[in-house]
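> Structure for the following, please:
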Amino acid sequence: MAQHGKKYLEAKKHIVPGREYSLEEAIKLLKQIAFAKFNETVELHARLGIDPRQSDQQVRTTVLLPAGLGKTVRVLVFAEGEAARYAEAAGADYVAGDELIAKIRNEEWVEFDVSIAVPDMMRKVGTLGKVLGRRGLMPNPKTGTVVNPEDLERAVREARAGRVEFRNDKNGNVHVPIGKIQFTEEQLMKNALAVIDALRRAKPAAAKGTYVRRMTIATTMSPGIRLDANTLMNVSLKEIA
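Next comes the predicted model:
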C-alpha cells in the first residue's frame with residue numbers, strides 16, 4: 001500500500017468518509033484542501049458497470065471542455081501535398097509526412113499532445129500503432145481525429161481549445177482531466193458537467209445494471225472526493241447547472 005505524506009493525510013481529514021458530495025461541494029472542498037506548490041491537474045474518475053472484455057461494452061468518446069484544459073496543446077497533423085498546406089494554414093504545430101512518420105516509428109518521437117490525420121494518410125499512420133496506440137495518440141474517425149482536409153482548421157482549433165478523448169481501461173474505469181486547480185469553481189463545474197454528459201451519452205447499449213458505480217474527483221496529489229454519481233448521471237445537464 002502506498003505511503004502518503006503528512007499534507008495528504010491532513011487534507012484527507014477534511015473529507016467525510018463514506019459521504020457522497022454534490023459536484024459543487026466537492027469542487028469547493030478540493031480547492032480548499034489542495035496543498036501542492038504547482039498548478040495541479042484536476043481529474044474526474046469513474047468506475048463503470050461494464051465488462052471491459054466485451055467489444056460491445058467499450059466506452060470511448062470525446063468531449064470539448066468549455067473552459068479548456070489550462071495548458072498549451074501541441075497538435076500534429078498527418079498530411080501531404082494539398083492537405084499539408086491546409087494543415088499549415090490551420091496552425092498545426094507539426095505536419096507529418098514520410099520523414100516525420102519515420103522519426104515517430106524509429107525513434108518513438110511523440111513530442112505532441114494530439115494527432116490528427118486526413119483519410120489518405122491512415123494507411124501510413126496505421127504502421128505507427130505500436131508507438132501511438134499505447135499513448136492514446138492514434139487518430140481515429142470515431143473520435144473526430146480523422147478528418148477531411150477542409151475540416152482541419154476546425155479540428156486543430158478544437159484540439160487546442162480543450163478537446164479531450166477518453167476511454168475505459170482494462171478494469172472498466174475512466175480517468176478524464178477537467179482542468180487545473182487554479183481554475184475558478186465555475187470553470188471546473190462547466191468542464192466536469194461536460195465530461196459527465198459525454199460519459200452519459202457514451203453508455204454502451206449492451207451495458208446492464210448500474211452504468212456508473214462510483215465517481216470521484218481529485219487533483220494530481222490530493223485524496224479523492226466521492227461524488228453523488230446517481231444524481232449526476234440521472235438528471236439533465238440543465239438541471240445540474
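> Pull the number of nearby residues for the nearest residue in space to residue 33 that is not next to it in sequence.
Closest residue to residue 33 apart from its sequence neighbours, by CB to CB, 6 or more residues apart in numbering: residue 11 at 4.0 Å. Placement of C-beta: from N, CA and C, glycine included. Residues contacting residue 11 under the criterion other CB atoms under 10 Å number 22.
> Surely residue 11 and residue 35 touch.
Yes. Between residue 11 and residue 35 there is a contact at 5.9 Å, judged by CB atoms under 8 Å.
> thinking again about what came up before, what about the residue nearest to residue 33, which SS state?
helix (DSSP: H, G, I helix; E, B strand; the rest coil).
> Check the gap between it and residue 38 for me.
Remark: distance between residue 11 and residue 38 (CB to CB, to the nearest Å) = 15 Å.
> Run through the helices of the protein in chain order.
For the chain, the helices defined by DSSP state H occupy 6-12, 23-33, 81-90, 98-107, 122-125, 129-132, 152-161, 185-201, 229-234, 237-240.
> Specify the stretch among those that is closest to residue 211.
When the helices of the chain are compared by CB to CB, helix 229-234 sits nearest residue 211, at 6.7 Å.
> and the residue nearest to residue 33, what does it touch?
Neighbouring residues of residue 11 by CB atoms under 8 Å, 6 or more residues apart in numbering: 33-35, 222-223.
> mind redoing it with 10 Å?
Contacts for residue 11 (CB atoms under 10 Å, 6 or more residues apart in numbering) come out as 4-5, 29-30, 32-35, 219, 221-223, 225.
> Which pLDDT value goes with it?
Residue 11 is assigned a predicted lDDT (pLDDT) of 91.
> Would you mind measuring from it to residue 183?
Distance, residue 11 to residue 183, using CB to CB: 18 Å.
> And residue 202, by the same measure?
24 Å.
> now residue 198
Distance of residue 198 to residue 183, given as CB to CB: 18 Å.
> Have a look at the two and say which one is more surrounded.
Per other CB under 10 Å, whichever of residue 198 and residue 183 has more neighbours is residue 183, with 21 against 18.
> got the phi/psi numbers for the more buried one?
phi -60, psi 160 (degrees, to the nearest 10).
> from memory it sits against residue 190, does it?
Yes. Counting by CB atoms under 10 Å, residue 183 does reach residue 190; the two are 9.3 Å apart.
> Mutual contacts of these two, please.
With CB under 10 Å, 6+ apart, residue 183 and residue 190 have common neighbours residue 67.
> and the gap between the residue nearest to residue 223 when sequence neighbours are not counted and residue 74?
Excluding the flanking residues, the one nearest residue 223 by CB to CB, 6+ apart is residue 12, at 4.4 Å. The gap separating residue 12 from residue 74 is 35 Å, by CB to CB.
> what do you get for residue 25?
Distance, residue 25 to residue 74, using CB to CB: 35 Å.
> same deal with residue 189?
27 Å.
> higher neighbour count, these two?
residue 189 (22 against 16).
> okay, and the common contacts of residue 11 and residue 35?
Both residue 11 and residue 35 are in contact with 5, 219, 221-222, where contact means CB under 10 Å, 6+ apart.
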